[in-house]
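>>> Show me the folded form of this:
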Amino acid sequence: MTSSTTSSSINFDLDQLNQQFETAHPRDILAWSVENVPTGLVQTSAFNVDDIVITDILYRELKKQTPVIFLDTLYHFPQTLELVDKVIEVYNLNLKLYKTPDINSREEFAAKYGEALWDKDITQFHQITKIEPLQRGLQELNTVAWITGRRRDQAVTRANMPIFELDNQGRMKINPIATWTRKETWEYVKEHGVIYNPLHDQGYPSIGDEPITSKIAEGEDERAGRWRGSEKTECGIHI
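Numbering: from 1, shown residues only. As a prediction, this is how the structure comes out:
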């Protein structure tokens with residue numbers, strides 16, 4: 001069956017696109033994206049290294065000031081927030097920050113939702129801090145297509161992820177580095193001098209919220225440090 005999405009006069013055959021770009025460099029996928037989705041294209045970023053590689057291609061190579069959605073959960077590592085400021089400065093980033101409405105600190109969050117909500121109800125925690133703010137951001141930015149930094153080799157749940165797909169709202173989701181390996185990401189970082197979170201050098205290949213992100217041991221999956229001890233493999237944004 002052929003998948004397609006229509007927004008205004010835009011109509012894409014996702015099956016054909018996936019075949020066409022399966023072996024393409026992410027630069028070519030992103031170049032196609034900025035050309036064919038001239039308005040309504042956004043990047044979502046947690047400022048992990050894969051996300052910043054995509055930003056580097058968009059901003060430095062393609063000279064495209066694509067809006068970048070960042071979800072301020074209030075529980076990021078300090079290093080992550082410092083990196084956000086650096087990326088804004090380096091790329092003159094068009095950052096669009098979204099968070100839980102009317103909550104501006106961890107203390108306010110705990111007062112409203114209870115201490116350590118992630119331990120009591122991780123699904124509710126992610127709904128409040130990530131899923132609702134993201135959907136609000138995508139809607140406010142009139143998003144036609146959004147770009148993610150997911151790779152197939154990050155987790156078994158992503159092994160069959162297409163480059164082009166639809167989200168549950170009918171928007172196109174673009175995964176330009178889906179076919180890359182972790183090694184290829186870091187080769188790009190070294191070649192182009194891309195800045196990244198220092199926690200990546202300290203045993204955190206995948207960085208989320210501070211209370212629920214731990215270091216991984218040698219041989220563990222890249223995302224093993226996320227939600228350790230639970231059955232979760234995704235926060236819900238990409239489901």
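
>>> List the residue ranges of this structure that fall below the pLDDT cut-off.
1-10, 217-239 (pLDDT under 70).

>>> now the strands for it?
Using DSSP state E, the strands of the chain run over residues 4-7, 10-13, 41-44, 68-71, 95-98, 145-147, 164-166, 172-174.

>>> The second one packs against which elements?
Just to be clear, that refers to strand 10-13. Applying 3 or more CB pairs under 8 Å, 6 or more residues apart in numbering; DSSP states H and E, we find strand 10-13 packed against strand 4-7. All C-beta atoms are positioned from the backbone trio N, CA, C, and that covers glycine.

>>> ok, Pro211 touching Trp118?
Yes: with contact defined as CB atoms under 8 Å, Pro211 counts as touching Trp118 (6.0 Å).

>>> the more surrounded of the two?
For the pair Pro211 and Trp118, the greater number of neighbours falls to Trp118 (19 against 13), based on other CB atoms under 10 Å.

>>> Next, count neighbours for the closest residue to that one other than its chain neighbours.
Closest residue to Trp118 apart from its sequence neighbours, by CB to CB, 6 or more residues apart in numbering: Phe125 at 4.5 Å. Applying other CB under 10 Å, we find 23 residues neighbouring Phe125.

>>> now do Val194
Val194 has 19 neighbours, counted by other CB under 10 Å.

>>> how about it, phi and psi?
Per-residue torsions, Val194: phi -70, psi 130 (degrees, to the nearest 10).

>>> Who's the closest spatial neighbour of it, skipping the chain neighbours?
Excluding the flanking residues, the one nearest Val194 by CB to CB, 6+ apart is Asp56, at 5.1 Å.

>>> burial count for the one you found?
Asp56: 20 neighbours (other CB under 10 Å).

>>> dump the residue contacts of it.
Residues near Asp56 by CB atoms under 8 Å, 6 or more residues apart in numbering: 91, 188, 192, 194.

>>> Now do the nearest residue to the first one once chain neighbours are set aside against Lys120, distance only.
Nearest-residue entry for Tyr91: Tyr59, 4.3 Å, with adjacent residues in sequence omitted and distances by CB to CB, 6+ apart. With distances taken as CB to CB, to the nearest Å, Tyr59 is found 40 Å from Lys120.

>>> Looking at these two, which is more packed in?
Using other CB under 10 Å, the more surrounded residue of Tyr59 and Lys120 is Tyr59, with 20 against 11.

>>> circling back to that earlier point, want to throw the strands of the chain into CSV with distance to Gln79 and mean neighbour count?
Shown next, in CSV, are the strands of the chain (distance: least, CB to CB, whole Å; neighbours: other CB atoms under 10 Å):
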stretch, distance to Gln79, mean neighbour count
strand 4-7, 37, 15
strand 10-13, 38, 14
strand 41-44, 20, 24
strand 68-71, 15, 24
strand 95-98, 17, 16
strand 145-147, 23, 24
strand 164-166, 31, 20
strand 172-174, 28, 25
